[in-house]
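1. what would the 3D arrangement of this be:
(one chain, ligands or ions: 2)
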Amino acid sequence: MNAKEIERLIKISRERPLMPETYIPWQLEPEANDIFLPETLTSLEGLDVYHTLSPQQKTELGRHELVQVIASYGWGELLFCLFMTRHMLTLPPDSVEHQFLIREMIEELRHQEMFAQAITKLDGKPLPQSKLHRFFGHFSNKYLPADYLFMGSVSVELVTDVYGNYARKADNIYPVIKKMFDLHNIEEGRHILFTKSLLKEYSAKAGFVKRTLYSYVILFNILFIRTMYVKREIYQRIGLENPDEVYKAASKNFKQKFAERCLDDIIAFVHEWRGFNRLTRFAWRWVLGAKI
Ligand SMILES: [Fe+2]
Ligand SMILES: [Fe+2]
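-> Ligands and ions are numbered 1, 2, ... in the order given. Coordinates of the predicted model:
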């Protein structure tokens with residue numbers, strides 16, 4: 001992507017901003033048969049226990065899990081804004097990269113406000129990240145070089161985009177959630193274009209070792225977000241008697257569903273710069289259940 005194309009993305013962002021305040025019909029309350037998360041993305045669909053749930057328990061499961069997903073996005077984007085702030089200090093302010101990152105950060109901050117508002121609207125009680133997630137989140141954000149952090153960000157954006165597409169296209173999805181994912185899809189589309197082109201330059205120069213490391217950074221980022229959605233406490237909240245047992249089965253179930261439904265775009269991206277090799281392929285299969 002040359003400077004002209006990046007300037008075009010900056011121009012769209014400046015001239016056609018999507019404001020969550022007006023773009024999302026916040027005044028609408030959920031209707032009786034509205035859902036919050038498509039069944040296929042819930043952690044229990046596909047397991048026997050799912051058939052024992054009442055319609056109300058199923059809706060509640062979707063609501064709690066969606067809140068968890070949104071809260072994880074918000075947290076991840078906030079961490080990424082921390083990195084972008086530091087990174088921008090190293091760039092000349094008149095460079096297109098600097099200007100694009102300013103636009104990206106403005107949009108990410110609006111997303112975080114939108115996510116927080118959506119959680120409130122859903123009467124959500126997001127569960128905090130685990131200690132391990134917090135540690136890796138802060139550590140990698142602070143100490144990994146810029147190219148690795150951009151690799152991580154594009155992998156999270158690609159995976160969450162697929163997730164949002166399932167949600168916004170589902171029948172009966174609560175309109176506030178649909179519009180939230182519509183807005184996110186449009187703006188993240190531009191971020192993905194920009195970051196992918198930036199990474200093309202990095203990966204073109206990368207040898208075997210670096211491509212292996214990039215591949216692992218992406219793998220761990222995906223594992224990182226996948227494990228933030230499924231929470232034992234949610235099964236307690238919807239009144240299941242054996243939350244520990246359900247949690248074990250749900251984690252396994254979700255890993256498989258996530259691999260089948262959410263990894264195609266990111267696998268295509270890693271293929272582009274030959275990120276699958278004898279040191280990475282087995283880990284993708286083993287850790288993420290990826291069909292590669
Ligand atoms: Fe975002
Ligand atoms: Fe983004």
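
2. what's the burial count for the residue nearest to R237 when sequence neighbours are not counted?
-> Nearest residue to R237 in three dimensions, chain neighbours excluded: H64, at 5.9 Å (C-beta to C-beta, 6 or more residues apart in numbering). Bear in mind the C-beta positions are built from the backbone N, C-alpha and C, glycine included. Using other C-beta atoms under 10 Å, H64 is surrounded by 23 other residues.

3. show me what contacts H64?
-> G124, K231, I234, R237, I238 (C-beta atoms under 8 Å, 6 or more residues apart in numbering).

4. measure it to ligand 1 for me?
-> 22 Å (C-beta to the ion, to the nearest Å).

5. can you pull the contacts of the closest residue to M1 other than its chain neighbours?
-> Leaving aside its sequence neighbours, M1 sits nearest to S197 (C-beta to C-beta, 6+ apart; 3.3 Å). Contacts for S197 (C-beta under 8 Å, 6+ apart) come out as M1, E5, I6.

6. before we move on, the earlier item: SS state for the residue nearest to R237?
-> At H64, secondary structure determined by DSSP: H, G, I helix; E, B strand; the rest coil is helix.

7. I'd like the contacts of H64 as a markdown table, with distance to K255 appended.
-> Formatted as a markdown table, the contacts of H64 follow (distance: C-beta to C-beta, whole Å):
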| residue | distance to K255 |
| --- | --- |
| G124 | 24 |
| K231 | 15 |
| I234 | 17 |
| R237 | 22 |
| I238 | 21 |
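
8. output the below-cut-off pLDDT ranges for this structure.
-> Counting by pLDDT under 70, not a single residue of the chain qualifies.

9. change it to 90
-> Within the chain, the segments meeting pLDDT under 90 span 1-3, 129, 140-142, 153, 155-163, 197-205, 225-226, 228-229.

10. who in it is up against ligand 1?
-> With C-beta under 5 Å from the ion as the criterion, the chain comes near ligand 1 at residues E77, E108, H111.

11. hang on, the last one in a helix?
-> Yes - when the secondary structure is assigned by three-state DSSP, H111 falls within a helix.

12. now do the helices in the chain.
-> In the chain, the segments counted as helices under DSSP state H are 3-15, 20-23, 48-51, 55-88, 96-121, 131-143, 146-169, 175-205, 208-229, 232-237, 243-262, 264-272, 281-288.

13. quick one: closest of these to N33.
-> For the helices of the chain, the distance to N33 is smallest for helix 55-88, at 8.6 Å, taking C-beta to C-beta.

14. any idea which residue sits dead centre in the protein?
-> T160 (3.2 Å; C-alpha atoms, centre = their mean).

15. which ones are touching the nearest residue to that one once chain neighbours are set aside?
-> Spatial nearest neighbour of T160, chain neighbours left out: Y73 (6.1 Å); criterion: C-beta to C-beta, 6+ apart. With contact set as C-beta under 8 Å, 6+ apart, Y73 has these partners: H111, F115, T160.
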